[in-house]
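**Q** What follows is a predicted protein model with its sequence.
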Amino acid sequence: MFSRTKLLISLFNVIFVIGAEGFITKCKQDDNTCILTSAKAAIAHMIAGDPSLGVEALDPIFTEKIEGNFTTLNFAFYKSYLAGLKDCDFTNVQIDLEKTKLHVDLLCPHLDMKGDYNIHGVLITLPVEGTGIYNMKYKNAKVAFDGTLNAVTSPDGNSHLHIKNFKLNPDAGGVVFDFKNLFNGDKDLSDAVHNFANENWAVIAKEFQQPIFDENFKQLVKGINKYLKTISKDIYLQ
């Protein structure tokens, strides 16, 4: 019988070993260098997807709807795509095996998000309204990801790892905003808002970015869990 600690180690190793190929070296719980290297390799495969397992690629990420409802500003993004996740880099991975907690820091050199939008309210100090298509380009965005892990037993009796829930602390890094058809196409009003937004991107991102990152990572975690569902933990037990 495996001890609880060994079982947790084996469960967590599923994240860092793809399929039965075993081409990624399993890591000891205190080998942070190995864990970091293995995490990068594993997530790269997960983001690329695997048609043979019915797992679609996770870059770009598609979201049907993202809503931001704040005191002064309301927005909704529809049928949006976020590209660039495949180029994000892990800068830190921490594991608490006893509490089954996962912490990951990511640095994304570039993220490109586009889709349809509807917005109305006050953007910090400027009134804004419009409906159309949008594009937001992020540079050197940082994301701190804290997740909770658990083991799930499938109907066939196999157990696999599952990211149960998560919390994000995003830092947009740098953002360029482009919203078409603001104020029904009034160029002067639109230019004023864009100039203000792109000069004050840090304040705007800090104030309004949370639902955008949360929904995109919700879709990312769904995809990763779908991948993990195909991998039995028993392959990795010693």
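**A** Done, it's in.

**Q** so where's the protein uncertain?
**A** Residue ranges of the chain with pLDDT under 70: 1-27, 29, 95, 97-99, 231-238.

**Q** so where do the strands sit in it?
**A** Remark: strands assigned in the chain by DSSP state E are 61-69, 73-83, 89-96, 101-123, 126-153, 159-171, 175-179.

**Q** strands paired with the first one, and their directions?
**A** Same thing as strand 61-69. Strand 61-69 has its sheet partners listed here by DSSP bridges as strand 73-83 (antiparallel).

**Q** What lies in contact with the strand it pairs with?
**A** 59-68, 111-123, 128, 134, 208, 212, 216 (Cβ atoms under 8 Å, 6 or more residues apart in numbering). C-beta: built from backbone N, CA, C; applies to glycine.

**Q** Which positions in that strand come out as buried?
**A** Judged by neighbour count using 16 or more other Cβ atoms under 10 Å, the buried positions of strand 73-83 are 73, 75-78, 80, 82.

**Q** In PyMOL, how would I select the buried members of the contacts of strand 73-83?
**A** In PyMOL syntax, the buried subset of those is picked out as below (16+ other Cβ under 10 Å):
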select buried, resi 59+60+61+63+66+68+111+113+114+115+117+119+121+123+128+134+208+212+216
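
**Q** could the strands of the chain go into JSON lines alongside distance to Val203?
**A** Putting these into JSON lines (distance: least, Cβ to Cβ, whole Å) gives the following:
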{"stretch": "strand 61-69", "distance to Val203": "15"}
{"stretch": "strand 73-83", "distance to Val203": "13"}
{"stretch": "strand 89-96", "distance to Val203": "25"}
{"stretch": "strand 101-123", "distance to Val203": "10"}
{"stretch": "strand 126-153", "distance to Val203": "12"}
{"stretch": "strand 159-171", "distance to Val203": "13"}
{"stretch": "strand 175-179", "distance to Val203": "11"}
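
**Q** Sounds good, over and out.
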